[in-house]
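Engineer: Please find the sequence and the predicted model below.
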Amino acid sequence: MPHRLPDPHTTPVEETVTRPPGAYVSEPPHRIPRLDGLGSPVARGRTAEIYAWQDSWVLKLFDDWMPREAVQREREIARAVHESGLSVPAVGDMVQVGGRWGVFYERIEGTSLLASLSPHPWKVIAAFRDLAVLHYEIHAHTAPGLSSLKDRLAAKIGRALLPDKGLKARVLDRLAHLPEGDSLCHGDFHPDNVLISPQGLVIIDWIDASVGDPAADVARTLLLSGGASPPEARFRSWRDVLRRMARWAYLRSYEQHCPGIRERATSWLPVVAAGRLSEGISEERAQLQTFVRRHFSP
């Protein structure tokens, strides 16, 4: 994988790369284009835009409300994960453009696993089996220096929009009695964060990575696949059926490598759902609150 940023002097420039104090520096300071010289973003997420940068790199440029410390943390995580040997993009400099912080990443040609399923929904079982194998591979690694999953989850629950303080206290008490673990956990592992490239599957978007119990990370993936849906909604549409098939295939495949993961992940699921409420996704709020209340009723 390439590790050097391309020569920026071949592109019209205005702003100077700014590195935060203490940031890892692999290259001398570069100059980069104006924000309006980057062109249109090639992708957009909840917190950042992705811009192509010449042939071998992309610039992940975060929204202006993202603090420098959060972006610097993502870069440090990305470096640690890349050094673990997993199939992830190489990471370059942290920069500032137009008052927004960004990070250079190795450019990976390919499409996301989720996008590949849109025209071929019948492939969902095979895709989620592959997803489970890849997830298990992540959990076979560790990354010393990353924060604790339980600490991060406790902080999220503290910010979560839960109906009353008593409910929040019961969730935190359950969290305190769950295992610590020391495995590398992605924190947001779903098919849109896995790219299908000529070199194989590549895992992206590690901003929520931590170390902890793999079952918590499995629970997060189940939650993102509709794991908090009420029983009566699970067959309401063909999409609900596909999500249910996806969860079945994912868990069955993971269990082949780790017997007992279903029960362990089930223990984590309502706690992880409570943490999800801190993310401000309004269309999920009522369903998640109902799910959490159902599991933590006095």
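Structural biologist: Okay, I see it. Numbering: from 1, shown residues only.
Engineer: What segments of this structure are helices?
Structural biologist: Secondary structure of the chain by DSSP state H: the helices cover 68-83, 113-117, 124-139, 149-159, 165-176, 214-222, 238-257, 261-276, 282-295.
Engineer: deepest of those, which one?
Structural biologist: Highest mean neighbour count of those: helix 214-222, a mean of 26 (counted as mean count of other C-beta atoms under 10 Å). For every residue, glycine as well, the C-beta is placed using N, CA and C.
Engineer: That helix - what's its average pLDDT?
Structural biologist: Averaged across helix 214-222, the pLDDT comes to 97.
Engineer: just how off-centre is that helix within its chain?
Structural biologist: 12 Å (C-alpha atoms, centre = their mean, to the nearest Å).
Engineer: Show me what that helix is packed up against.
Structural biologist: Applying 3 or more C-beta pairs under 8 Å, 6 or more residues apart in numbering; DSSP states H and E, one finds that helix 214-222 contacts helix 124-139, helix 149-159, strand 183-185, helix 238-257, helix 261-276.
Engineer: Outside of the third one itself, list whatever touches it.
Structural biologist: Contacts with strand 183-185, where a contact means C-beta atoms under 8 Å, 6 or more residues apart in numbering, come from 81, 84, 86, 138-143, 146, 149, 209-214, 216-217.
Engineer: export the helices of the chain to a markdown table and tack on distance to A52?
Structural biologist: Shown next, in a markdown table, are these (distance: least, C-beta to C-beta, whole Å):
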| stretch | distance to A52 |
| --- | --- |
| helix 68-83 | 18 |
| helix 113-117 | 17 |
| helix 124-139 | 26 |
| helix 149-159 | 32 |
| helix 165-176 | 41 |
| helix 214-222 | 29 |
| helix 238-257 | 31 |
| helix 261-276 | 32 |
| helix 282-295 | 31 |
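Engineer: Out of the ones you listed, flag the one nearest R100.
Structural biologist: helix 68-83 (9.1 Å; C-beta to C-beta).
Engineer: Could you check the angle that closest one makes with helix 124-139?
Structural biologist: If you take axes from the mean of the first three to the mean of the last three C-alpha atoms, to 10 degrees, helix 68-83 sits at 90 degrees to helix 124-139.
Engineer: Keeping just the C-alphas, turn helix 68-83 into CSV.
Structural biologist: The C-alpha coordinates for helix 68-83 follow below in CSV (Å, rounded to 0.1, in the frame of the first residue of the first chain):
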residue,chain,number,x,y,z
ARG,A,68,-9.7,18.9,16.0
GLU,A,69,-9.3,16.4,18.9
ALA,A,70,-11.9,14.1,17.4
VAL,A,71,-10.3,14.1,14.0
GLN,A,72,-6.9,13.6,15.4
ARG,A,73,-8.2,10.7,17.4
GLU,A,74,-9.6,9.1,14.2
ARG,A,75,-6.2,9.4,12.6
GLU,A,76,-4.4,7.8,15.5
ILE,A,77,-6.9,5.0,15.5
ALA,A,78,-6.5,4.5,11.7
ARG,A,79,-2.7,4.3,12.1
ALA,A,80,-3.0,1.8,14.9
VAL,A,81,-5.4,-0.4,13.0
HIS,A,82,-3.3,-0.2,9.8
GLU,A,83,-0.3,-1.3,11.8
